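*Asks:* Model the structure of this input:
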Amino acid sequence: MKILAGNIKQLADSLGAIVSAIPLEISAAYKLMKVAKKVGLAQKAFEARRIQLLNEFGQTEDGKLVTEDGTPNGPVKFDEGEQEKFGKAFSILVNEDVELDINPISLDLLTLRASGNAYKGKDGEPVTVLPSILLGLDPIIEKDGEADDKRTEPNA
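*Replies:* You can find the predicted model right below:
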C-alpha cells in the first residue's frame, strides 16, 4: 500500500490514539500492533531524511544545527537562499510515495468484536473515537471492496 510520506506522522499518531482509546480483542490488537510497527519504521525513515535535509541546507556549527533561539529543538537558521532550497527539497520529500507492506484496515476490526458485537466502554456504551483520529487513519482504512479477509495482516 502506498501513502504520501507527509501523511506518515499523522497516521502514526492516529494509530497510537486508536490503540490507546479502544480496548481491542487480542487478535485485533496484535494486527494493529504489527501495522503500527511498520508505520513507525516509515516515520523514523522520514524523520531521518528530514534531518538530513536540515543538515544539508541549514547552518551548522561543530556538526550541529544552529537554531534561531539557540535551543536544540528551535527553528533552524539558514543562510540566504538556503531556506528556499530546503523548502523545495522538503516539498519533494513529503510528496513522495512510501510503500507500506500492509493491507487496508477494516472498520469492523476497530468497531466489532469477533462475535459481531460492538466494543463497549466501561460504561457499557459503544466505544467512540474522534473523527480527527479516523482522518489520520484514512490512508489505511479499507474502502469498499479494497481489502481481503486478512485486512491488517502485513503482506507476506
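*Asks:* what separates the closest residue to Lys120 other than its chain neighbours from Leu41, distance-wise?
*Replies:* Among residues not flanking Lys120 along the chain, Pro126 sits closest, at 5.9 Å (Cβ to Cβ, 6 or more residues apart in numbering). Using the backbone N, CA and C atoms, a C-beta is placed for each residue, glycine as well. Per Cβ to Cβ, to the nearest Å, Pro126 is found 33 Å from Leu41.
*Asks:* With neighbour numbers in mind, choose between these two.
*Replies:* Remark: of Pro126 and Leu41, Leu41 carries more neighbours, 14 against 11, as counted by other Cβ atoms under 10 Å.
*Asks:* How far does the helix or strand containing the more buried one sit from its chain's centre?
*Replies:* Element membership for Leu41 (DSSP states H and E) is helix 26-57. Relative to its parent chain, helix 26-57 has a centroid offset of 7 Å by Cα atoms, centre = their mean, to the nearest Å.
*Asks:* backbone phi and psi for Gln59, please?
*Replies:* When quoted as degrees, to the nearest 10, the phi and psi of Gln59 stand at phi -70, psi 140.
*Asks:* before we move on, what about Ile3?
*Replies:* Main-chain dihedrals, Ile3, degrees, to the nearest 10: phi -140, psi 160.
*Asks:* how about it, what does it touch?
*Replies:* Residues in contact with Ile3 (Cβ atoms under 8 Å, 6 or more residues apart in numbering) are Leu11, Asp97, Val98, Leu100, Pro139, Ile140.
*Asks:* any idea how far Tyr119 is from it?
*Replies:* Distance, Ile3 to Tyr119, by Cβ to Cβ: 26 Å.
*Asks:* which residue ranges form the helices in this structure?
*Replies:* 8-21, 26-57, 82-94, 107-111, 131-137 (DSSP state H).
*Asks:* helices or strands up against the worst-scoring helix or strand of the chain on mean pLDDT?
*Replies:* For the chain, using mean pLDDT, DSSP states H and E, the weakest element among its helices and strands is helix 107-111, scoring a mean of 81. Taking 3 or more Cβ pairs under 8 Å, 6 or more residues apart in numbering; DSSP states H and E as contact, the helices and strands that helix 107-111 lies on are helix 26-57.
*Asks:* Report the angle between the helix it packs on and helix 8-21.
*Replies:* 150 degrees (axes from the mean of the first three to the mean of the last three Cα atoms, to 10 degrees).
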